[in-house]
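Peer 1: Sequence plus predicted model, see below.
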Amino acid sequence: MPELSISRRTRSTPFTSRITDGGVSGYTVYNRMLLPTTFRGVEADYHHLCNHVQVWDVYAERQVEIQGPDADKLVQWMTPRDISMAQDDQCFYLPLCDENGTMINDPIGIKIDEQTWWLSIADSDVKLWAKGLAKGAGLDVTVAEANVGPIAVQGPKADELMRRVYGNIVDDIRFFRYKRLPFQGHEMIVARSGWSKQGGFEIYVDDAQVGQALWDELFKVGEDLNVGHGCPNLIERIESGLLSFGNDMDFNHTPLQCGLDKYCHLDRDIESMSLDALRAQKEAGVRSRLVGVIAQEMPLQPKWATLQIDGQTVGELTSSCISGKFDAWLGLALLDTPDIDALSSVEKQLTISTDLGDFSGQCAELPFKFDQLNLPARNT
């Protein structure tokens, strides 16, 4: 197997030694940092995440700090989502788009105070883009990479584990809100958020020593909860319809193509560089769109797959997996077809051609509505 050569260019995190001891078996490089991809194996990690609680080193989700009197103005210029009502304890999912309406990143924006935002970014150079915009427009802000990164506590037992560390106050944190909570006398931002749909929190570590002590405490008090090491999981995120920038969407796609319409306030009077382009695209009609695809008879994960309707390739598969809950293969795909809005029509014609053979497939809106799809449960 190819090996990843780790050096100063692939920056480690304050928790690298702990996840090494925890049995990490795979990494990717994310914002030039190490991001774990597997511990027990993708499927075993999935079942542990869905049944217990995991602690994730997601320090690679770097914080682009925008600070100054024009911080709100710069962030608003970068996103088509209206942030005018942002409060100081809120987190926002923010598609960032250029003047053509195409995606630059999709961070969680965290309103720190009246003049400060953190953009907890996916894998692309938002800092350089933001610095260029600020300089070119003469905005009164500083743009930097804050020495802050999150650890995530995810899974159905996450609330109980966090209560044991912070107390019952964690129950008062609403979804996509945060509180500043102390650990060993040091306050850090604790948000109810994370890259899974199993429930949990992200703790924004701004002091490595305190963060390491917190990590150790989570494992100490969570032993009877079967707390374990973990990381963003391919199967869980596809079943949940969570998108990955760089995989499911990139610099060639707009948020309207990616099903992110509700985060684009095109009918509001906001100063966003992408607004005109996105309004024009919506007016013309969005022909291609990210959808879910399902093949119930696919026995294994194929090496490659193409999507066809009436013998014509109509889309690009972006991510796929064998479901952990259902006896089916699931994928995310960008389809480009006149039938994109008539899913019942596409459903009858979709063929998934793979190295394992051809399989009948169906399309589904994202996120998957499994209660309506009547898929057979998987025997594990």
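Peer 2: Received the coordinates, thanks.

Peer 1: Average pLDDT for the lengthiest helix in the chain, rounded please.
Peer 2: The helix that spans the most residues within the chain, counting by DSSP state H, is helix 208-221. The predicted model assigns helix 208-221 a mean pLDDT of 98.

Peer 1: How about stretch 143-156?
Peer 2: Stretch 143-156 comes out at a mean pLDDT of 97.

Peer 1: in that stretch, what's buried?
Peer 2: Neighbour-count burial for stretch 143-156 flags 143, 146, 148-155 (criterion: 16 or more other Cβ atoms under 10 Å). C-betas here are computed from N, CA, C, even on glycine.

Peer 1: if we can go back for a sec, whichever helix or strand comes after the longest helix of the chain pairs with which strands, parallel or anti?
Peer 2: Downstream of helix 208-221, the first helix or strand assigned by DSSP states H and E is strand 227-230. When pairs are called by DSSP bridges, strand 227-230 turns out to pair with strand 53-57 (parallel).

Peer 1: Mind giving me the packing neighbours of whatever helix or strand comes next after the strand it pairs with?
Peer 2: Sequence order places strand 63-67 as the next helix or strand after strand 53-57, per DSSP H and E. When contacts are defined as 3 or more Cβ pairs under 8 Å, 6 or more residues apart in numbering; DSSP states H and E, strand 63-67 packs onto strand 116-120, helix 126-137, strand 142-146.

Peer 1: winner for burial among the ones you listed?
Peer 2: Among those, strand 116-120 has the highest mean neighbour count (mean count of other Cβ atoms under 10 Å), at a mean of 23.

Peer 1: Can you name every helix or strand that it contacts?
Peer 2: Looks like strand 116-120 contacts strand 63-67, helix 71-78, strand 108-113, strand 200-205 (3+ Cβ pairs under 8 Å, 6+ apart).

Peer 1: Nearest to residue 273 among these would be which one?
Peer 2: helix 71-78 (5.5 Å; Cβ to Cβ).

Peer 1: chain center to that closest one, what's the gap?
Peer 2: In this view, helix 71-78 has its centroid 21 Å away from the chain centroid, taken as Cα atoms, centre = their mean, to the nearest Å.

Peer 1: ok, and for it, which residues are buried?
Peer 2: Buried residues in helix 71-78 (16+ other Cβ under 10 Å): 71-78.

Peer 1: do the same with stretch 90-108
Peer 2: Result for stretch 90-108 [16+ other Cβ under 10 Å]: buried residues 90-92, 94-98, 101-108.

Peer 1: ok, these vs residue 292, which is closest?
Peer 2: Using Cβ to Cβ, the buried residues of stretch 90-108 come closest to residue 292 at residue 106, 18.1 Å.

Peer 1: Next one: that closest one from residue 25, what distance?
Peer 2: 28 Å (Cβ to Cβ, to the nearest Å).

Peer 1: Now do the helices in the protein.
Peer 2: 16-21, 42-51, 71-78, 126-137, 158-166, 208-221, 234-240, 275-284, 343-349, 370-373.

Peer 1: so can I have JSON lines of those showing distance to residue 172?
Peer 2: Shown next, in JSON lines, are the helices of the chain (distance: least, Cβ to Cβ, whole Å):
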{"stretch": "helix 16-21", "distance to residue 172": "29"}
{"stretch": "helix 42-51", "distance to residue 172": "25"}
{"stretch": "helix 71-78", "distance to residue 172": "27"}
{"stretch": "helix 126-137", "distance to residue 172": "31"}
{"stretch": "helix 158-166", "distance to residue 172": "11"}
{"stretch": "helix 208-221", "distance to residue 172": "20"}
{"stretch": "helix 234-240", "distance to residue 172": "25"}
{"stretch": "helix 275-284", "distance to residue 172": "36"}
{"stretch": "helix 343-349", "distance to residue 172": "40"}
{"stretch": "helix 370-373", "distance to residue 172": "30"}
